[in-house]
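J.: Predicted structure and sequence below. I'll ask about it afterward.
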Amino acid sequence: MKVLLLRPVAGNERFGLGPFFRIEPLGMEYIASALEARGHRVVLTDLRFGRPVESEMRSLRPDLVGIAAMHALETDDVLALAARVRAEAPLVPVIIGGHTAAAYPDPFLSADVTAVVLDDGELALPRICQALERGEPLADVPGVAFVDRHGQVVRSEGDTGSFVLDTVPQPARHHVDRWRRHYACLAHRPTWLVETARGCPFRCSFCSIWQLHARVVRERSIEPVCQDMASVGADVFVADDLFWHHPSRSLELAHELLRRGVRKRWILVQSRVDLVARHAGLLEAWRPLADSFDIFFGLEAATDAALAGLTKDATVHQTAQGIDVARRLGYGVTGNFVIDPAWTERDFENIWAFVDRHQLFQAGFTILTPLPGTAYYDQMRPILRARHWADFDMHHLLWEPALGAERFFELYCETWRRSVLNLKGRKRLSQWLREVDVRNLPFLLRALRRTQRMMDPSHYLHEYSLAPAADMLLAYNRRAG
């Protein structure tokens, strides 16, 4: 079959650290590899930088179109893209996959969508292609959801969490080589995305990852990871939901990469402070693998009570320990805190003091958001007042805050002003420019210019509304009961 895979354009990446992240569609590269191994012809198009979808459709005349839906804020963009595909080729099956689609498929079960993938895409999409080739019903394909001819939603039982990652040893990166210069992370460009493991065993209330993967962590074998790391460029963002989760395996991987002489200019990984605090020796083994090595921590809160409320299963003492271990071994520390709409002024003062005490100026601050696919979303659904799915970007208020919107955003913006992104305060533009390759200056300047709005409450208040929820969300809520 001729398969067209599409990475859509997200209409809302304006707030937070979004302007700094333009990452390659690694999941679709693995799917492309799985399909090509079965003899299918694949074209993967990143619509953020490529031709319009209509041009791709007319050029390939695909037998199937797959669209990635990775984040809740992209939902409306994905549906609009599916409608464009359907208008161009009414009889071509349109399959939606990706994290947010698998975690919460309901919004994607529209007239323009043939099916939604609930399993790992590398497993499900080849199965869908096989069923279509043989004329078999989609109901016989494990791990999909669709609306049948009677208007009923059908969900077939799948194998979520059981797919062996080594089944697809290497991603088909050649599909995105033409856009490589566009892929960036923070001030690093081009950046390569690498996955060594998938899933997380922890149970943070605001996160849909552990619920989607049933708290299972699956790992790629040492050999394919080493091959992939050796094949990519100098700046690497590791996509693992929880790096260093399995200490003995992580230590073995570090030793093997060092033995092979695989060394990078910059590496960014995502981990937990309590894990790092317990395994200083593991971090010591990994540090020689890159000139610069940064860790992104989900710091989340400044008090034990707030951490417990988020089911973080960590303490502020462990936060301090983890930060100390990382810095002592020469790692850069980046993190994110969650800002609760229920906060009082005292809560904001607590986080400012915590940031100052631990010098966590290179941090982000996101508004507590009930993401679809979480129990928290089900709990908060009756009071959600979002106008669009793009409001689920963790920078919009979805209900009235305790302080009122105007005062909340004043304090929220003051929190951002204490970060390194504030060019009028913590870190001047001249300091940023000294740290970046001259070739990346245009990208960095654009990103910094966009992030300055995070210090201005008017940008948030302009979009804030207490109008009734959109018909779209009401319809999904009624369907879900």
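T.: That came through fine.
J.: Could you point out the longest strand of the protein?
T.: Ranked by residue count under DSSP state E, the longest strand found in the chain is strand 290-300.
J.: What are the buried residues along it?
T.: 290, 293-300 (16 or more other Cβ atoms under 10 Å). (Each C-beta comes from the backbone N, C-alpha and C, glycine too.)
J.: mind exporting the host helix or strand of Gly281 as PDB, just the C-alpha atoms?
T.: Gly281 belongs to helix 280-286 when assigned by DSSP states H and E. Provided in PDB are the C-alpha atoms of helix 280-286 (Å, rounded to 0.1, in the frame of the first residue of the first chain):
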ATOM      1  CA  ALA A 280      24.800   9.600  42.000                       C
ATOM      2  CA  GLY A 281      27.100   6.900  40.700                       C
ATOM      3  CA  LEU A 282      24.900   6.400  37.700                       C
ATOM      4  CA  LEU A 283      24.900  10.000  36.800                       C
ATOM      5  CA  GLU A 284      28.700  10.100  37.200                       C
ATOM      6  CA  ALA A 285      29.000   7.300  34.600                       C
ATOM      7  CA  TRP A 286      26.800   9.200  32.100                       C
END
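J.: quick revisit: any buried residues in the very next helix or strand once past the longest strand of the chain, and which?
T.: Moving toward the C-terminus from strand 290-300, the next helix or strand (DSSP H and E) is helix 304-309. Going by neighbour count (16+ other Cβ under 10 Å), the buried part of helix 304-309 is 306-307, 309.
J.: Take these and lay them out in CSV including distance to Thr114 and pLDDT.
T.: Output for these, formatted as CSV (distance: Cβ to Cβ, whole Å; pLDDT from 0 to 100):
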residue, distance to Thr114, pLDDT
Ala306, 43, 94
Leu307, 43, 95
Gly309, 41, 93
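J.: show me where pLDDT drops low in the stretch 1-150 of the chain?
T.: Along the stretch 1-150 of the chain, segments meeting pLDDT under 70 span 12-19.
J.: where exactly do the strands run in it?
T.: For the stretch 1-150 of the chain, applying DSSP state E, counting those that start in this stretch gives strands covering 2-7, 21-22, 41-46, 64-68, 94-97, 115-117, 144-147.
J.: Out of these, flag the one nearest Pro401.
T.: When the strands of the stretch 1-150 of the chain are compared by Cβ to Cβ, strand 21-22 sits nearest Pro401, at 26.6 Å.
J.: quick one: which of the buried residues of helix 304-309 is nearest to Gly332?
T.: Leu307 (22.9 Å).
J.: who touches the closest one in this structure?
T.: Counting by Cβ atoms under 8 Å, 6 or more residues apart in numbering, Leu307 makes contact with 300-301, 314-316.
J.: redo that, cut-off 6 Å
T.: 301, 314 (Cβ atoms under 6 Å, 6 or more residues apart in numbering).
J.: separation between it and His395?
T.: 22 Å (Cβ to Cβ, to the nearest Å).
J.: What of Leu47?
T.: Leu47 is 23 Å from His395, by Cβ to Cβ.
J.: higher neighbour count, the two?
T.: Neighbours were counted for Leu47 and for His395 using other Cβ atoms under 10 Å; His395 has more, 23 against 17.
J.: Give me the distance between that one and Phe409.
T.: His395 is 10 Å from Phe409, by Cβ to Cβ.
J.: mind listing what's buried in stretch 180-197?
T.: Quick answer for stretch 180-197 (16+ other Cβ under 10 Å): 182-197.
J.: closest to Glu136 among the buried residues of helix 304-309?
T.: For the buried residues of helix 304-309, the nearest to Glu136 is Gly309 (47.8 Å; Cβ to Cβ).
J.: which residues of the stretch 351-481 of the chain score low on pLDDT?
T.: In the stretch 351-481 of the chain (pLDDT under 70), the answer is 465-481.
J.: Glu122 touches Ala32, doesn't it?
T.: No: Glu122 lies out of contact with Ala32 (Cβ atoms under 6 Å); the separation is 9.4 Å.
J.: Compute the inter-axis angle for the helix or strand hosting Arg327 and strand 290-300.
T.: Assessed by DSSP H and E, Arg327 sits inside helix 316-328. With axes from the mean of the first three to the mean of the last three Cα atoms, to 10 degrees applied, the angle from helix 316-328 to strand 290-300 works out at 170 degrees.
J.: now helix 316-328: how far from the chain's centre is it?
T.: 25 Å (Cα atoms, centre = their mean, to the nearest Å).
J.: Convert the C-alpha atoms of that helix to PDB, please.
T.: Provided in PDB are the C-alpha atoms of helix 316-328 (Å, rounded to 0.1, in the frame of the first residue of the first chain):
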ATOM      1  CA  VAL A 316      10.900  18.700  48.700                       C
ATOM      2  CA  HIS A 317      13.900  17.200  50.600                       C
ATOM      3  CA  GLN A 318      14.400  14.800  47.700                       C
ATOM      4  CA  THR A 319      14.100  17.800  45.300                       C
ATOM      5  CA  ALA A 320      17.000  19.500  47.100                       C
ATOM      6  CA  GLN A 321      19.000  16.300  47.200                       C
ATOM      7  CA  GLY A 322      18.500  15.600  43.500                       C
ATOM      8  CA  ILE A 323      19.400  19.100  42.400                       C
ATOM      9  CA  ASP A 324      22.500  19.000  44.500                       C
ATOM     10  CA  VAL A 325      23.600  15.700  43.000                       C
ATOM     11  CA  ALA A 326      23.000  16.900  39.500                       C
ATOM     12  CA  ARG A 327      24.800  20.200  39.900                       C
ATOM     13  CA  ARG A 328      27.700  18.700  41.800                       C
END
